[in-house]
Structure formats: structure tokens, C-alpha cells
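[1] Structure of the sequence below:
(one chain, ligands or ions: 2)
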Amino acid sequence: MFEPQTFLNYIGGEWKSASSNLVEASMNPANRHETVGYIQKSTLDDLEEAVGAAKEAKMGWRKLSGPARGEFLFKAANQVEQRLDEIVEMMTREMGKTLPEAKGETARGVAILRYYAGEGMRSIGNVIPSTDDAALMFTSRAPLGVVGVITPWNFPVAIPIWKMAPALIYGNTVVFKPAQETSVTAALIMECFHAAGLPAGVINMVTGDGGLIGQAMADHPDIQGITFTGSNAVGKRVGQSALARGAKYQLEMGGKNPVIVARDADLDLAVDATISGGLKSTGQKCTATSRVIVHSEIYEAFKMKLLEKVQNIRLGSGFEAATWMGPLASENQFRTVLSYITKGVEEGGTLLCGGGKGLGRDLEAGYFVEPTIFENISSSMTIAQEEIFGPVLALIKVDSLEEAIQIANDVKFGLSASIFTRDISTMLTFMQDIDAGMVRINAESAGVELQAPFGGVKQSSSGSREQGQAAIEFYTDIKTIFVKA
Ligand SMILES: NC(=O)c1ccc[n+]([C@@H]2O[C@H](COP(=O)([O-])OP(=O)(O)OC[C@H]3O[C@@H](n4cnc5c(N)ncnc54)[C@H](O)[C@@H]3O)[C@@H](O)[C@H]2O)c1
Ligand SMILES: O=CCCC(=O)C(=O)O
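    Numbers count the residues shown, from 1 in each chain. Ligands and ions are numbered 1, 2, ... in the order given. So this is what the prediction gives:
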């Protein structure tokens, strides 16, 4: 029997109840009757305490050497690794993704921590020749100070870690507000940082309502940088609030990612990548394939192969070995996805498969939606323009590569895009003409490598990049130093 526990805020190195004395339940999306745990319903006083703790800790932390800060991250990585199975199970219970996906994500979290631990040993500047031959001129990097980290529920371990690890290694202290839907999993990650022995106040977590705690972080005069991943509507507000008070901000938001299947594509490869890129994690990845733009000459063959495989996808709890696709992560997400499917039908799309709630077995207790494929979709329809964040694919038929790229670019987003082709000139045209931060050739649209820059163009991103060495640009300011004896 699973027994739900209560999880506290982490402030100044201590576990603390919210000053409201209120908690809220985090629920299992595969079984809406099961409580996963209770999290704190924090108030602005709790946030104030966390920001105060981070502010107090910031001088001591920035004065530590990079390698010394790295040691703490290595220890945190070891803690996450030791508790991997427990974290994986909690993620599956709380967010719904399957155990193998949760395991892959948690292992990715460990690798990200180790990568940034190593960053503590690497160069943080360059020597630049001065016109004065008696001078030494060089750059160095200074931390921002206190960084606010606001994260979504879809990658409850990887996204918080890919923000907090670089923030810490470059000498910032952190106030973290996870998505409410996955705050229990976030609390386990904080337990790992606590066990790694980071000095009090260097990392803090406050759970609760985004409109209250998240917005107050964006507005807070003692938070010098805000890194946000989530929806476009909220991201824009966060960015505007930070800009208004002169704080640095970084936003990673939605996607409407296309895959183009060219007429010379390896169709089996393209079908598998469309399914994996579009439906893994139940389509709840910012990088998920959402539009499948297929050349008319191979359209029918591709469609038949795709349908055959999608119809065999098994829905179920992420804990069951036979499950390929879990539930949507929340009731809100469930309703949103079903309403987009209704809209797709109303606007004239043809449903080829799926389109409904998961029925039978234990599915009705959870937020299951069948894998859904539409055809007869034109680029102006709502489901071809707006991010759905669910297991819904829209097939769009085209007659040329130029038309495919024009449709692929005909959205406000530009996160990831992929093409399937064997032709080098088609690849080159795609690389040059596609509006996307992540350009993928003969590979699915999802999938992020922690050592490479990650982010989008247009409204997917605020222009900066996360992960890899690119992270240093957001989490530090450059100092140009001129020394003359
Ligand atoms: N581009 C990327 O890297 C990326 C990655 C994952 C998810 N996403 C996007 O995230 C979205 C799904 O996540 P979500 O539903 O949790 O998004 P969301 O914007 O509702 O919430 C994201 C976070 O912001 C907080 N928040 C809510 N209102 C706030 C406010 N007024 N001020 C400050 N913070 C506030 C939430 O509590 C949560 O922690 C999708 O649109 C998806 O594309 C993008
Ligand atoms: O949801 C955004 C992150 C996507 C990601 O990490 C992946 O595609 O692997």
C-alpha cells in the first residue's frame, strides 16, 4: 500500500511548513482517487524568508572556488543516483509518465549534475590583447546573485536540475518554485541537495500557487535573474515583470513542432520517429511532434504505416510493463486536450484514429486520452497553430519541399523541427530555411542532449539558450578587467 506523506518547504537549510499551515494534495493522474503526497500552500511570507536566506548565503557561495562548488554538485548527483528508483516511482505516480521514461529522465538529471560539477573546473574567461602593451586585459564571469527558478510539470526532475545546476556552479544562490502538479517529486530532489550538504540558504524551495509565488518571484527586487519554463501566456508575464525592474530573465515556452516527411524518406524510420517524437510522454514535451507534413507522393503509404502502429499503442498506468503511453498529467491538461480534439473536428479535420477518452480496464479512473491522428488539416486551423501538449498528430499533405517548409514555419513557435530525407540538398535547404532552434535530420523532434545548447526561436524562447556551456550566458555577467601595475 502506498502511503502519502507531507512534504515541506526547504528554506535556509531547514524543512519548514508554510506560514498558512495549509497543504494541498498532489494526485496521481493515472488514478484520480490516489493522493501522491501533500505539499505546502506557501504564502508571500514564506517566499520572503526563502529570498532572504538566498540573499544571505550569496556572498559565501560566490566566494567558494568553482571546483569546491562542483564538489557539492557531485555529491548531489550521487544522492540522486542512490535514490533513483524511489524518485522514478514517485515521478511516475505523480506525473504519469512510464517507468522507463521516468528512469531515463532521472538518469539524465544525474548526468546534468555531473556535467555542471565539471564546469566548476573550466575556464570562465579569456585574455584579450590590449592596445596598451603594459596592461593585462581579460574577461571573467560574475554570478547574478539570487536566481529564481520556475518550472513546469512535464520534466519534473530534468528541467529543475538543468536550471539549478548551472545557477549554482556559476556562483548563484537559488529560490526554486516547482509546478504544483509535481512538487512531491521536486521535494525528493531537494532532499538530495540537502543530503549533499550545500550550505544553508544556497538552495531553497517554496511550493504553491504560480500566480502568487511565481509572480512574486518575477517581481521580487532581491531576485536578480528569473529562469522560467512553461506556457507562453505565463512566460510573457514573467518576462515583462522581470524587464520592468531590470532583472535578467530567460524564458523557454511552447512549441508546435513539425516533422517533414520528404518523398525520398525512409518511411519506417519516419513513422517510428513520428510516434516516438509525438506520443512519448503522452505528447507532453515542448519538443513533441505535433504537425506531420508529408509529401503527397508517399502520403498514403506513410499514413497506413503510421495508423497500423498507432492503433497498437497500449494505454495504461506508467507502472505496468505493458503500457506504452500513460495518462495526461492533470485534469486541466485532460480537458484542454479533449477540447482541442473537438475543435479539430469542428473546423473540418478528419479523425483517422483515437479522439476520445481512454475507456475500459482501469483507464476511466485516470486522465487517459487515446492517441489521436487527424488528416485534412490546413495550416490555418486551430490544431495546426496552437500547442496542444497531448497525444494528437495533425497530418498535412504537401506537393513540394518549399510548401512543406513554408507550412512548417507558418506558426508563432520555433522550438524543434525535423525532416526525413536521404537527399543532401534537401537536408541543406531545410537546415537553412527552417525557423527552429533545434534542427533535426532523420531524427525525431524530441530529445535533448545536456551538453548542447537548447532553446527556440520566435515565441518559443526569449532568445537565450539553456544547457551545455551556453548556460553560462544567462547565469553570469561578463566583467572585462583591465590591469596595469
Ligand atoms: N520550451 C521548453 O523548454 C519547455 C519545456 C517544458 C514545458 N514547456 C511548456 O510548458 C507548458 C506546460 O507547463 P505548465 O502547464 O506547467 O505551464 P505554466 O506556464 O502554467 O506553469 C509553469 C510554471 O509557472 C508557474 N506559474 C503559473 N502562473 C504564474 C505566474 N503568473 N507567474 C509566475 N509563475 C507562474 C506554475 O506554477 C509553474 O511552476 C507548455 O506550454 C510547454 O510547451 C516548455
Ligand atoms: O519539454 C521540454 C524538454 C524536452 C526534452 O527534454 C526532450 O525532448 O528530451
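[2] Which residues of the stretch 251-400 of the chain lie near ligand 1?
    Glu252, Met253, Gly254, Gly255, Cys286, Glu387, Phe389 (Cβ under 6 Å from any ligand atom). Any C-beta I mention is one placed from the backbone N, CA and C, and that applies to glycine too.
[3] list the contacts for Gln224?
    Neighbouring residues of Gln224 by Cβ atoms under 8 Å, 6 or more residues apart in numbering: Leu144, Gly145, Val146, Val147, Ala247, Lys248.
[4] The stretch 301-450 of the chain: helices as residue ranges?
    If DSSP state H, counting those that start in this stretch is used as the criterion, the helices of the stretch 301-450 of the chain fall at 331-346, 382-385, 401-408, 424-433.
[5] who wins for proximity to Gly230 among the ones you listed?
    Between Gly230 and the helices of the stretch 301-450 of the chain, the tightest spacing by Cβ to Cβ is seen for helix 331-346, at 12.8 Å.
[6] can you list contacts of that closest one?
    With Cβ under 8 Å, 6+ apart, helix 331-346 has contacts from 29, 32, 283-284, 327-328, 351, 355-357, 367, 369, 372, 374, 377, 381-383, 386, 388-392, 394.
[7] Neighbours of Val127, how many?
    By other Cβ atoms under 10 Å, the residues close to Val127 number 10.
[8] scratch that, Met121
    Met121, neighbours per other Cβ under 10 Å, totals 11.
[9] Could you verify my assumption that it touches Pro67?
    Yes. Using Cβ atoms under 8 Å, Met121 makes contact with Pro67 at a distance of 5.4 Å.
[10] quick revisit: among the residues of the stretch 251-400 of the chain next to ligand 1, name the ones in strands.
    Judged by DSSP state E, these include Glu252 as members of strands.
[11] among the residues of the stretch 251-400 of the chain next to ligand 1, which are in reach of ligand 2?
    Applying Cβ under 6 Å from any ligand atom to these, those adjacent to ligand 2 are Cys286.
[12] re earlier: to Pro156, which of the helices of the stretch 301-450 of the chain lies closest?
    It's helix 331-346; of these, that one is closest to Pro156 (Cβ to Cβ) at 13.9 Å.
[13] so what's Gly455 up against?
    When contacts are counted by Cβ under 8 Å, 6+ apart, Gly455 touches Glu252, Leu415, Gly437, Ser461, Gly463, Ser464, Arg465, Glu466, Ala470.
[14] In the stretch 51-200 of the chain, what residue comes closest to ligand 1?
    In the stretch 51-200 of the chain, the residue that lies nearest ligand 1 is Pro152 (3.1 Å; Cβ to the nearest ligand atom).
[15] so what's that residue closest to, chain neighbours aside?
    Closest residue in space to Pro152, ignoring its immediate chain neighbours: Gly230 at 4.5 Å, by Cβ to Cβ, 6 or more residues apart in numbering.
[16] Can you report how many residues lie near that neighbour?
    22.
[17] correct me, but it touches Trp153?
    No. Between Gly230 and Trp153 there is no contact under Cβ under 8 Å: 9.0 Å.
[18] who touches both of the two?
    Ala179.
[19] quick check: domain ranges of the chain?
    Annotated domains of the chain cover 5-253+461-484, 257-449 [automatic domain parsing].
[20] next one: the last one to chain centre, how far?
    With Cα atoms, centre = their mean, to the nearest Å as the basis, domain 257-449 stands 18 Å off its chain's centre.
[21] for it, how far is the first residue from the last?
    In domain 257-449, first residue to last residue: 17 Å (Cα to Cα, to the nearest Å).
[22] now stretch 200-212
    Using Cα to Cα, one end of stretch 200-212 lies 25 Å from the other.
[23] likewise stretch 118-137?
    26 Å.
[24] Contacts for it next, please.
    65-71, 73, 138-141, 166, 169-170, 469, 472, 476, 480-485.
[25] Going by neighbour count, list what's buried in that stretch.
    Using 16 or more other Cβ atoms under 10 Å as the test for burial, stretch 118-137 gives Glu119, Gly120, Ile124, Met137.
[26] What about those residues, which are in helices?
    Secondary structure defined by DSSP state H assigns Glu119 of these to helices.
[27] Pipe the buried residues of stretch 118-137 into TSV and attach pLDDT and distance to Ser290 per row.
    As requested, the buried residues of stretch 118-137 are exported to TSV (pLDDT from 0 to 100; distance: Cβ to Cβ, whole Å):
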residue	pLDDT	distance to Ser290
Glu119	98	33
Gly120	98	38
Ile124	97	39
Met137	98	48
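[28] got the buried residues of stretch 118-137 as JSON lines, with distance to Gln215 columns?
    Below are these laid out as JSON lines (distance: Cβ to Cβ, whole Å):
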{"residue": "Glu119", "distance to Gln215": "31"}
{"residue": "Gly120", "distance to Gln215": "33"}
{"residue": "Ile124", "distance to Gln215": "33"}
{"residue": "Met137", "distance to Gln215": "42"}
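[29] about what we covered before: narrow the contacts of Gly455 to those that are buried.
    Using 16+ other Cβ under 10 Å, the buried members of these are Glu252, Leu415, Gly437, Ser461, Ser464, Arg465, Glu466, Ala470.
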